[in-house]
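[1] Quick one: sequence plus predicted model below, questions after.
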Amino acid sequence: MNPLIKTHSGGKRTVALTPGKRILFLFKDLEKIRRQLRGEVNFSMSEVDPADLLDDINTDVMTPAWVCFRHKPEDIALDAYAGLIDQEQKRVIETRALLDGGFEAIVSGARKGTGSSRETAPQCEKWSGIHLVIASSFAPIHLRNNINLGQLMGDYSLLARLQTGEEIPLDEFTARFDSVTRATLEHGGLFPFIEKYQRGELTVSVPAPKKRGMTMAEKILSSHVVGPNNQGVSLEPNDACLVRVDGGYSHEFTTAQVHHFLSQEYGADYKVKNASKLAVFEDHLLYADGVPRMAPFKAQIETLRRLQREFQRHTGVRDYSAKDGVSPGICHQVAREHFVDPGDFIQATDSHTCMGGGNNALTWGVGATEYAGLIYSGFTFVKVPESIRFELTGELSVGITAKDVMLHILATYAVREDTLDRVMEFGGPGLASLSMDERATLCNMATECTARSGICEGDELAAQWLAARRPGKSAAQIAKTFVSPDPDAHYDGGVHSIDLGTIESMVAKPGDPTYGAKIKALGVVKIDIAYAGSCTAGKEHDLDFYATVLQDALASGRRVASGVRLVLQFGSADVREYARAKGYLELFDRAGVETINPGCGACIGCGPGVSSGPEQVTVSAINRNFSGRSGPGKLYLASPLTVAASAIEGRITSYRPGMFQKSHPQTSNAH
């Protein structure tokens with residue numbers, strides 16, 4: 001139970017601060033944070049301008065990768081906010097500083113908890129003594145993780161009242177939530193809620209039937225509602241319900257904690273539901289041993305691997321472990337290839353789970369607590385999310401990809417929070433011009449938009465692609481399972497038309513995916529590293545993009561520029577075999593490319609292609625570029641075509657056919 005919640009005679013419950021405990025304000029002025037940690041100053045909300053507080057605190061800042069190598073929350077808390085660094089690359093919050101600071105509340109700006117779904121982020125606060133989290137807005141997965149841990153969340157006005165000594169009724173903190181979320185918070189988190197629900201001490205009603213058109217997300221959730229009289233239920237945003245989960249997966253970064261939580265809550269002989277459509281992957285840390293800064297964590301990483309193997313043997317879920325040091329692939333890519341089907345509701349312990357939406361499924365990431373609960377019970381709680389629709393028209397110009405589309409959406413819609421906590425629905429005649437791999441890119445990067453998920457309409461191309469990967473199923477059979485929005489579906493985020501033909505080559509400048517810029521306006525940016533890979537950009541069509549550029553370069557007598565390292569990592573074993581069959585491996589070798597077997601690698605700072613110093617510049621096809629995520633250097637996000645072209649030119653540049661003619665100097669200014 002949250003210690004800030006006080007129960008009075010008659011059952012009244014209030015929230016009050018603990019005398020002697022402190023509040024940590026996370027200012028943009030990092031020295032102000034240090035002064036609070038040293039005990040030199042305390043602040044009151046009444047004297048703080050919210051504009052001075054840090055926005056977009058991502059989960060990599062709260063618990064960078066090396067902190068996540070620990071699976072016990074009490075150990076994670078030791079290095080809370082280890083990723084918050086100053087311009088001199090020095091930590092702002094040192095080891096044990098939050099734990100030993102006597103704080104019970106923490107305050108920041110907008111969009112708290114963007115980025116990865118890692119539940120270690122709120123865990124580092126809770127196990128450091130933080131029980132009240134204040135921000136102007138929260139990223140959706142992070143908000144859900146706080147709820148599952150029983151962490152109270154509030155706004156600045158509530159904090160100001162608490163600091164005057166007022167005891168505030170609990171429902172002022174929970175009233176904005178649905179009845180199930182309120183019950184979860186008031187009973188101390190998800191596990192206590194599940195226990196009371198299964199004992200019959202709590203009930204969850206099925207939303208009342210209603211006549212209304214539904215979006216794709218609403219239709220999928222309505223078909224998965226758990227409970228009596230659940231036939232014909234039409235859902236709308238903010239409906240609270242329990243829904244059946246079709247499948248999911250975890251990886252070696254998260255499985256150990258899932259196993260730990262299940263053993264703690266349900267005993268060593270716990271069971272899981274529907275193991276045939278659950279999976280474990282060894283993909284995130286496969287190459288960490290080769291990164292010098294990861295060397296001190298070798299024993300912790302091996303513990304994570306060992307506990308994942310133990311979990312897999314215990315549960316019998318699908319096993320995508322590495323064999324002879326080679327992984328079958330990145331979880332999101334392999335899942336869409338092997339078992340994410342149209343109409344599925346899939347949950348997994350990674351924020352890029354939404355990539356499965358390209359298969360016309362509803363998929364999103366959850367924290368370890370929620371995943372443990374849903375694979376044990378077979379269901380999970382959902383508050384139906386709002387949707388925003390992107391109606392695609394026209395076709396992309398030569399040299400433009402779906403990555404450019406997403407960088408445009410990030411810089412236009414996500415930056416003003418139009419996509420926040422909404423399902424991004426993609427459709428329209430322009431969608432048919434995009435390959436299945438390009439559609440997966442659209443959905444994969446929905447999480448960068450702080451959206452709940454992304455989902456694409458199904459069509460003949462999707463049916464053929466899935467049929468080729470689902471033995472025994474024809475395209476016609478698969479097409480019958482597609483979920484389409486109703487003509488009168490309502491979109492709270494609006495319907496936005498995007499003419500694909502107007503999209504230009506873009507990058508996201510270092511620090512955040514929303515820092516979008518058109519390449520033609522970027523100026524000269526010389527590079528040291530070009531990284532081609534990740535779940536976002538290690539698919540078959542991405543390999544076609546890289547090959548197109550490199551073939552063009554070789555035909556003009558060009559290779560990867562001197563002083564530039566181009567690293568290409570396959571998204572899965574199937575993609576690697578595709579490249580082999582197409583003759584790409586020999587092509588890449590002749591062009592001077594370093595190819596690596598499947599895995600996440602440099603995307604999470606755990607493999608070849610990471611920067612080694614702050615002066616290095618990387619152009620990368622990955623999905624997020626938070627400071628320090630892929631090494632200490634500056635990282636620009638770009639499309640596969642841009643990454644390959646930049647590697648040849650030695651500077652960030654967009655691609656156009658024929659740009660590498662022999663008459664062009666090595667540093668030509670091509671756009």
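    Great, that's in hand. Residues are numbered from 1 along each chain as shown.
[2] all helices in the stretch 151-300 of the chain, in order from the N-terminus.
    156-163, 171-174, 179-186, 190-198, 216-222, 255-266, 298-315 (DSSP state H, counting those that start in this stretch).
[3] what's the angle from the fourth one to helix 179-186?
    Pointing back at helix 190-198 there. 120 degrees (axes from the mean of the first three to the mean of the last three Cα atoms, to 10 degrees).
[4] Can you list the neighbours in contact with helix 190-198?
    Contact with helix 190-198 is made by 147-150, 180, 183-184, 187, 202-204, 261, 265, 369-370, 373, 376-377, 381, as judged by Cβ atoms under 8 Å, 6 or more residues apart in numbering. The C-beta positions use only the backbone N, C-alpha and C, and glycine is treated the same way.
[5] Same check on the third one?
    The set of residues external to helix 179-186 that reach it, using Cβ under 8 Å, 6+ apart, is 2, 5, 13, 147-148, 150, 152, 170-171, 173-175, 177, 190, 193, 196, 202, 204, 240, 242, 381, 383.
[6] Show me what counts as buried in it.
    Buried positions in helix 179-186, judged by neighbour count with 16 or more other Cβ atoms under 10 Å: 180-186.
[7] How far away from the center of its chain is that helix?
    Mean-position distance between helix 179-186 and its chain equals 25 Å (Cα atoms, centre = their mean, to the nearest Å).
[8] cool, the first one as well?
    On the basis of Cα atoms, centre = their mean, the separation between the geometric centre of helix 156-163 and that of its chain is 31 Å.
[9] The second one too?
    From the chain centre to the centre of helix 171-174 is a distance of 28 Å (Cα atoms, centre = their mean).
[10] How about the fifth one?
    With Cα atoms, centre = their mean as the basis, helix 216-222 stands 21 Å off its chain's centre.
[11] returning to that earlier point: could the buried residues of helix 179-186 go into a markdown table alongside pLDDT and distance to Val525?
    A markdown table is the format used below for the buried residues of helix 179-186 (pLDDT from 0 to 100; distance: Cβ to Cβ, whole Å):
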| residue | pLDDT | distance to Val525 |
| --- | --- | --- |
| Val180 | 86 | 49 |
| Thr181 | 90 | 45 |
| Arg182 | 90 | 49 |
| Ala183 | 88 | 52 |
| Thr184 | 91 | 47 |
| Leu185 | 92 | 46 |
| Glu186 | 88 | 52 |
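[12] out of these, who's nearest Gln89?
    Nearest to Gln89 out of these is Leu185 (Cβ to Cβ; 37.7 Å).
[13] Kindly provide the distance from the closest one to Gly150.
    6 Å (Cβ to Cβ, to the nearest Å).
[14] Touching both of the two, which residues are there?
    Counting by Cβ under 8 Å, 6+ apart, the residues touching both Leu185 and Gly150 are Asn2.
[15] Can you tell me which of the helices of the stretch 151-300 of the chain is nearest to Arg96?
    Nearest to Arg96 among the helices of the stretch 151-300 of the chain is helix 298-315; the distance by Cβ to Cβ comes to 18.0 Å.
[16] what's in contact with the closest one?
    Against helix 298-315 from outside (Cβ under 8 Å, 6+ apart): 69-71, 250-253, 255-256, 258-260, 271-272, 275, 278, 280, 282, 285, 288-289, 294, 317, 319, 321, 375.
[17] quick one, it and helix 255-266 angle?
    Calculated by the same axes, to 10 degrees, helix 298-315 forms an angle of 50 degrees with helix 255-266.
[18] quick check: domain ranges of the protein?
    Split into domains by automatic domain parsing, the chain comes to 5-198, 216-382, 386-502, 507-649.
[19] Show me how far the last one is from its chain's centre.
    In other words, domain 507-649. Centroid separation between domain 507-649 and its chain, computed with Cα atoms, centre = their mean, is 20 Å.
[20] That one: end-to-end distance?
    Using Cα to Cα, to the nearest Å, one end of domain 507-649 lies 16 Å from the other.
[21] One more: the first one?
    By Cα to Cα, the extent of domain 5-198 from end to end equals 24 Å.
[22] and the gap between the spatially most central residue of the chain and Leu221?
    What sits nearest the mean C-alpha location of the chain, by Cα atoms, centre = their mean, is Ser351, with 2.4 Å. Using Cβ to Cβ, Ser351 is found at 19 Å from Leu221.
[23] Can you add distance to Ala432 and give the helices of the stretch 151-300 of the chain back as a markdown table?
    Output for those, formatted as a markdown table (distance: least, Cβ to Cβ, whole Å):
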| stretch | distance to Ala432 |
| --- | --- |
| helix 156-163 | 47 |
| helix 171-174 | 45 |
| helix 179-186 | 39 |
| helix 190-198 | 41 |
| helix 216-222 | 16 |
| helix 255-266 | 38 |
| helix 298-315 | 39 |
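[24] Return the most buried member of the ones you listed.
    Comparing the helices of the stretch 151-300 of the chain by mean neighbour count (mean count of other Cβ atoms under 10 Å), helix 216-222 ranks first with a mean of 25.
[25] mind listing the strands for the stretch 101-250 of the chain?
    Secondary structure of the stretch 101-250 of the chain (DSSP state E, counting those that start in this stretch): strands at 103-107, 132-134, 152-154, 168-169, 240-244, 247-251.
[26] what residue ranges in the stretch 101-250 of the chain are flagged as low confidence?
    Along the stretch 101-250 of the chain, the model assigns pLDDT under 70 to residues 228-232.
[27] still on that earlier bit, out of the contacts of helix 298-315, name the ones that lie in strands.
    250-251, 278, 280, 319 (DSSP state E).
[28] Tell me where the model's unsure across the stretch 551-671 of the chain.
    Scanning the stretch 551-671 of the chain for pLDDT under 70 picks out 662-671.
[29] Now do the strands in it.
    Along the stretch 551-671 of the chain, counting by DSSP E, counting those that start in this stretch, strands occupy 565-569, 594-596, 617-620, 634-637.
[30] that older thread, got JSON lines for the strands of the stretch 101-250 of the chain, with mean neighbour count and distance to Ile388 too?
    JSON lines is the format used below for the strands of the stretch 101-250 of the chain (neighbours: other Cβ atoms under 10 Å; distance: least, Cβ to Cβ, whole Å):
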{"stretch": "strand 103-107", "mean neighbour count": "22", "distance to Ile388": "29"}
{"stretch": "strand 132-134", "mean neighbour count": "24", "distance to Ile388": "26"}
{"stretch": "strand 152-154", "mean neighbour count": "21", "distance to Ile388": "23"}
{"stretch": "strand 168-169", "mean neighbour count": "14", "distance to Ile388": "34"}
{"stretch": "strand 240-244", "mean neighbour count": "21", "distance to Ile388": "21"}
{"stretch": "strand 247-251", "mean neighbour count": "27", "distance to Ile388": "25"}
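[31] Out of those strands, flag the one nearest Arg161.
    Comparing the strands of the stretch 101-250 of the chain by Cβ to Cβ, strand 168-169 comes nearest, at 5.9 Å.
[32] To Asp488, which of the strands of the stretch 101-250 of the chain lies closest?
    Of all the strands of the stretch 101-250 of the chain, strand 240-244 sits nearest to Asp488, with 21.8 Å by Cβ to Cβ.
[33] tell me the contacts of Asp344?
    Going by Cβ under 8 Å, 6+ apart, the list of residues near Asp344 reads 220, 246-247, 356, 359, 361-363.
[34] give the contact list for Pro614.
    With contact set as Cβ under 8 Å, 6+ apart, Pro614 has these partners: 89, 632-634.
[35] Go again with 10 Å.
    By Cβ atoms under 10 Å, 6 or more residues apart in numbering, the contact list for Pro614 reads 87-89, 627-628, 631-634.
[36] what do you get for Arg144?
    By Cβ under 10 Å, 6+ apart, the residues touching Arg144 are 113, 117, 119, 122, 138, 181, 184, 190, 364-367, 369-370, 381-383, 421, 452.
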